[in-house]
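**Student:** heads up, no residue letters with this:
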């Protein structure tokens, strides 16, 4: 994006990552992109039984660092097609039901085997003919009585209209089919806006850092994880399998710097730099790790701020519990309107996140003592 100094990174890749589908447990299309984009930047790339993708750059020391960002986005799973052809769903991840009405969605029916991930580890699965567009209906307000207008929406009330005859809908859609919200990713002023910035923008930042780093001292495992939105499951498995000496997680975080919030409730602010996590409801990051992140940011003049998130967790916690004690840190990208189709992050905060992760990893010698 050479025409815009705020977007000093590969916007086309970010757009591709965020627009593709990948709900928890069904991250296959994102996994294909990650494998493709990481393959030229790492010494080895592999997937595990859960679907995590790990690209490893071999270092000169026995010290190892795991960097994690999750591939999955919130979505739904089909539970039933009723006699009229309307589709019922179960949520995969946390939704605010208020933002769901009148949204466009895609129901992803079974991908033909020729287009599946098995067709080649280096190939990116394409969109299948089975992708069905639909809408979450919302009755017009002038047909509702006062009680119906004031009723709080519930996720379990969601019904998807495929615009198909009932018999065809029942034939083409099956229980277990994943559903994603439909939205393009666009530049809006100095921001990038779309669905699934949580957490594809961090996956993007990780890929960009992996491309920049050359000859690191420690071994670095760049891990694109699965099923974060339903309990940090991929990261918990990796904490055991990789058993790193240090773990850094990347994720988005709340930026409530919008009308209706007092400054003390912002958590972070868009445009003020990447966020160094101090705590969230799942983890208190290791002080020696977040202090070194701050030192690197200051020495490299990278814009940064601090994150204290009162609710919500990230893959950071997944690495802190298994396989013994682990020092952990986290870098977050301030993002407005989380868990909607208009998630919005400032381009310069994305760039600062890439810069900080790169500088931190390049300066890691493996000789620092992160223990208390």
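**Tutor:** Right, received. Where do you want to start? Quick caveat: nothing in here was measured; it's all calculated off a predicted structure. Numbering: from 1, shown residues only.

**Student:** Look up how far residue 279 lies from residue 308.
**Tutor:** Distance of residue 308 to residue 279, given as C-beta to C-beta, to the nearest Å: 6 Å. For the C-beta atoms, the positions are set from N, CA and C on the backbone; glycine is no exception.

**Student:** Those two: which is more packed in?
**Tutor:** A direct count of neighbours by other C-beta atoms under 10 Å for residue 308 and residue 279 places residue 279 higher, at 16 against 13.

**Student:** Tell me the predicted confidence for that one.
**Tutor:** We have a pLDDT of 94 for residue 279.

**Student:** likewise residue 35?
**Tutor:** As predicted, residue 35 sits at a pLDDT of 96.

**Student:** okay but it is in contact with residue 53, surely?
**Tutor:** Yes. Applying C-beta atoms under 8 Å, one finds residue 35 in contact with residue 53, separated by 5.9 Å.

**Student:** These two: which has the busier surroundings?
**Tutor:** residue 53 (24 against 21).

**Student:** which residues touch the more buried one?
**Tutor:** 31, 34-35, 38, 45-47, 71, 223-224 (C-beta atoms under 8 Å, 6 or more residues apart in numbering).

**Student:** Repeat that for residue 164.
**Tutor:** Contact analysis of residue 164 by C-beta under 8 Å, 6+ apart lists 85, 132, 172.

**Student:** mind running it again at 10 Å?
**Tutor:** By C-beta atoms under 10 Å, 6 or more residues apart in numbering, the contact list for residue 164 reads 81, 85, 87, 132, 134, 170-173.

**Student:** buried subset of these?
**Tutor:** The neighbour-count test (16 or more other C-beta atoms under 10 Å) marks 81, 85, 87, 132, 134, 170, 172-173 as buried among these.

**Student:** Of these, which belong to strands?
**Tutor:** 81, 87, 132, 134 (DSSP state E).

**Student:** Name the nearest residue to the third one, ignoring sequence neighbours.
**Tutor:** It stands for residue 132. Once flanking residues are discounted, residue 132 sits nearest to residue 107: 4.4 Å by C-beta to C-beta, 6 or more residues apart in numbering.

**Student:** Only the buried subset of the contacts of residue 53, as a PyMOL command please.
**Tutor:** This is how PyMOL selects the buried members of these, with burial counted by 16+ other C-beta under 10 Å:
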select buried, resi 31+34+35+38+45+47+71+223+224
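
**Student:** So which of the contacts of residue 53 sit within strands?
**Tutor:** 45-47, 223-224.

**Student:** how is the chain carved up into domains?
**Tutor:** 11-73+184-362, 75-181 (automatic domain parsing).

**Student:** Now tabulate these in TSV and tack on distance to residue 368.
**Tutor:** TSV is the format used below for the domains of the chain (distance: least, C-beta to C-beta, whole Å):
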stretch	distance to residue 368
domain 11-73+184-362	7
domain 75-181	36
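
**Student:** out of those, nearest to residue 370?
**Tutor:** Residue 370 lies closest, by C-beta to C-beta, to one member of the domains of the chain: domain 11-73+184-362, at 3.6 Å.

**Student:** what about the closest one, how long is it end to end?
**Tutor:** Domain 11-73+184-362 stretches 24 Å from its first residue to its last (C-alpha to C-alpha, to the nearest Å).

**Student:** Run the chain-centre distance for it.
**Tutor:** 8 Å (C-alpha atoms, centre = their mean, to the nearest Å).
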